[in-house]
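>>> Coordinates only, no sequence provided:
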């Protein structure tokens, strides 16, 4: 079957109203906020060289920060502000999704608007301003009736640039909980669904081009003083906004929100949880592609209702524990720690997805490597790859301390690509996951951890504080507890790593339920 005959195009199209609508709304809000801040600042500093230089320098610095980093930084900042406003004024707000995305994108929009605003205003013939003064206009009247109309075409060029930047960068807002066209790209990369990746890229590019052309029509109308062109451009923008708002207005309440992190297993399990809730008559949707710290904070704040995490991740990352306890004792302590935040640990699913160091089986046999301790003797001559967060996690520090690991080189890459990289010899070792079906697919071996540097990583189901007493929710989920063993999860993950319609998270979730019920 050809790529463009793939039925997953239909699945991608079904998500378009939701993803596109959310993408347009956050982009429009960010651009409006950016304009509301930038244009007055451009007007105030146009004749003040020192403040103008400082302002443009700060806006330029923002552009040097990678988009994903800027978006991610706003989440903990807003969490802190929300906790302060709650403590001082009894008022809180959600630091998840729309708000941090809008604020970060608004910052991204400011540089071209500021620069073109100042350039447009300072490029006006001084004789025209003097003439305005000569007929008795005040500075305010001159600005409104003479300077701004003359500078507006140049300002519109900056607004066009800002709009394209905002629309493109908005695809990176998925990990902080803002639904966007980036959902296609993040989900596609994690599940190797290249149809989704292409669809997300094309949709984002077409949206940016459409908005740019419509703003260009307005700019052209202002230059030529053509009300028709300006009106057509404005009408086109209004029609685009209306087309994305109407589907959202008719959509019913989303009900329960199931969170998922940024890898294939989480996409499958979140789809399974959603299906079980819907089968019990409970409306549910998924919010996927969330970062590890973001998803826990979102659960704690009630922005999502439930998700699956791993005991070792919470133990080391959220509660900053470095001691390693037996599985049962660790789970009991973890449950008590979560209860302090009113988070319910409903139970374990039955399998463990632990970090593990992985190498090709043939190489392990040739070098007689069975454990991480055996690997340590060769580490200085080898390269290692991990996912985007592994080398900053406490688990990596624990492995280095326990085994004295010092590799020749470290690389970070998208998780699914790591397995192909180690199988092809691009890297020598990877930090993989014990439940990943790609270990068998690529004939790799997971090394034992005889010094128990890593904690257990049981898959556990967590409920938000507001769902602690929700008996219908718990009854719908209890049939899953203890029912998914490691072999079944590995097979599910292997299926999810395929590249056809049967490998989508929804399809694999249905297969998984058929295996365990």
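Arrived safely. In this text the structure is predicted, and so the values were computed from the model without any measurement.

>>> Helices of the stretch 251-400 of the chain, residue ranges please.
Assigned by DSSP state H, counting those that start in this stretch, the stretch 251-400 of the chain shows helices spanning 264-279, 292-301, 311-313, 327-340, 361-367, 372-376, 394-403.

>>> now for these, which one comes closest to residue 66?
Closest to residue 66 of these, according to Cβ to Cβ: helix 292-301, at 16.5 Å. Where C-beta positions appear, they are placed from N, C-alpha and C, glycine not excepted.

>>> could you give the angle of the closest one to helix 264-279?
Interaxial angle, helix 292-301 versus helix 264-279 (axes from the mean of the first three to the mean of the last three Cα atoms, to 10 degrees): 20 degrees.

>>> what angle do helix 292-301 and helix 327-340 make?
Going by the same axes, to 10 degrees, helix 292-301 is angled at 60 degrees with respect to helix 327-340.

>>> quick one: buried residues of helix 292-301?
Neighbour counts using 16 or more other Cβ atoms under 10 Å place 292, 294, 295, 296, 297, 298, 299, 300, 301 of helix 292-301 among the buried residues.

>>> can you check stretch 495-504 too?
In stretch 495-504, counting by 16+ other Cβ under 10 Å, buried: 495, 496, 497, 498, 501, 503, 504.

>>> can you check stretch 79-97 too?
For stretch 79-97, by 16+ other Cβ under 10 Å, it's 79, 82, 94, 95, 96, 97.

>>> which one among those gets closest to residue 52?
residue 95 (32.7 Å).

>>> which of the buried residues of helix 292-301 sit farthest apart?
292 and 301 (15.4 Å).

>>> Could you point out the helix or strand that follows the strand or helix carrying residue 53?
Assigned by DSSP states H and E, residue 53 belongs to helix 49-64. The helix or strand immediately downstream of helix 49-64 is helix 67-89, counting by DSSP H and E.

>>> Contacts for stretch 47-61, please.
The contact list for stretch 47-61 (Cβ atoms under 8 Å, 6 or more residues apart in numbering) reads 41, 44, 45, 46, 110, 111, 114, 115, 118, 122.

>>> ok, 6 Å please
Residues outside stretch 47-61 that contact it (Cβ atoms under 6 Å, 6 or more residues apart in numbering): 45, 110, 111, 114.

>>> And residue 459, what's its pLDDT?
Predicted confidence (pLDDT) at residue 459: the value is 95.

>>> Would you agree it falls within a strand?
Yes: applying DSSP: H, G, I helix; E, B strand; the rest coil, one finds residue 459 inside a strand.

>>> for it, what are its contacts?
Contacts of residue 459 by Cβ under 6 Å, 6+ apart are 308, 310, 349, 351, 353.

>>> how many neighbours does the first one have?
Residue 308 has 23 neighbours, counted by other Cβ atoms under 10 Å.

>>> residues near the closest residue to it other than its chain neighbours, how many?
Nearest residue to residue 308 in three dimensions, chain neighbours excluded: residue 269, at 5.0 Å (Cβ to Cβ, 6 or more residues apart in numbering). Counted with other Cβ under 10 Å, residues neighbouring residue 269 total 27.

>>> quick one: residue 269 and residue 309 touch, right?
No: with contact defined as Cβ atoms under 6 Å, residue 269 does not reach residue 309; the gap is 10.5 Å.

>>> which regions of the stretch 151-300 of the chain sit below the pLDDT cut-off?
246-254 (pLDDT under 70).

>>> Spell out the secondary structure type for residue 96.
Residue 96 is classified as coil under three-state DSSP.

>>> What does the pLDDT read for it?
Here, the pLDDT recorded for residue 96 equals 81.

>>> Now do the same contact list for it.
Counted by Cβ under 6 Å, 6+ apart, residue 96 has contacts 177, 298, 303.

>>> What count of nearby residues applies to residue 141?
13.

>>> Correction: the previous question concerned residue 434.
17.

>>> What's the separation between it and residue 490?
The gap separating residue 434 from residue 490 is 8 Å, by Cβ to Cβ, to the nearest Å.

>>> what does residue 400 give?
From residue 400 to residue 490 the distance is 28 Å (Cβ to Cβ).

>>> Who has more neighbours out of these two?
Neighbour tally, residue 400 and residue 490, criterion other Cβ under 10 Å: the higher count belongs to residue 490, 22 against 16.

>>> In space, what's closest to the more buried one - neighbours in sequence excluded?
Nearest non-adjacent residue to residue 490, counting by Cβ to Cβ, 6+ apart: residue 437, 4.6 Å away.

>>> Residue 193 is in contact with residue 264, correct?
No: under the criterion of Cβ under 6 Å, residue 264 is not in contact with residue 193, lying 9.6 Å apart.

>>> Are we agreed that residue 411 is in a helix?
No: read with three-state DSSP, residue 411 is strand and lies in no helix.

>>> Number the residues from 832 up from this point.
Done: numbering now begins at 832, and the last item shifts to residue 1242.

>>> and the nearest residue to it once chain neighbours are set aside, how many neighbours does it have?
Using Cβ to Cβ, 6+ apart and skipping residues adjacent in sequence, the residue nearest residue 1242 is residue 1216, 4.4 Å away. Residue 1216 has 26 neighbouring residues, counting by other Cβ under 10 Å.

>>> mind checking pLDDT for residue 1216?
Reported pLDDT for residue 1216: 94.

>>> show me where pLDDT drops low in the stretch 1232-1348 of the chain?
Using pLDDT under 70, the stretch 1232-1348 of the chain drops low at 1330-1332.

>>> please redo it, this time with the cut-off set to 90
1244-1248, 1251, 1264-1265, 1267-1272, 1283-1287, 1300, 1318, 1325-1337, 1347-1348 (pLDDT under 90).

>>> For it, which segments count as helices?
1246-1255, 1269-1272, 1302-1308, 1317-1327, 1336-1347.

>>> can you list the residues that contact the last one?
Applying Cβ under 6 Å, 6+ apart, the contact partners of helix 1336-1347 are 1098, 1099, 1102, 1103, 1106, 1314, 1315, 1319, 1323, 1326, 1327.

>>> Now do the same contact list for the second one.
When you say that, I think you mean residue 1099. 1323, 1327, 1336, 1339, 1340.

>>> What about the last one, how many residues nearby?
Residues contacting residue 1340 under the criterion other Cβ under 10 Å number 22.

>>> how close does it get to residue 960?
Taking Cβ to Cβ, one finds residue 1340 at 66 Å from residue 960.

>>> residues in contact with the residue minimising distance to the centre of the chain?
Closest residue to the average C-alpha location of the chain: residue 1006 at 1.5 Å, with Cα atoms, centre = their mean. Listed by Cβ under 6 Å, 6+ apart, the contact partners of residue 1006 are 1120, 1122.

>>> Surely it is in a strand?
No: Residue 1006 is assigned helix when assessed by three-state DSSP, not a strand.

>>> Look up how far residue 907 lies from it.
13 Å.

>>> mind checking the backbone torsions on residue 1173?
Backbone torsions for residue 1173, taken as degrees, to the nearest 10, come to phi 60, psi 30.

>>> Residue 919 versus that one, what's the distance?
For residue 1173, the distance to residue 919 - Cβ to Cβ - is 21 Å.
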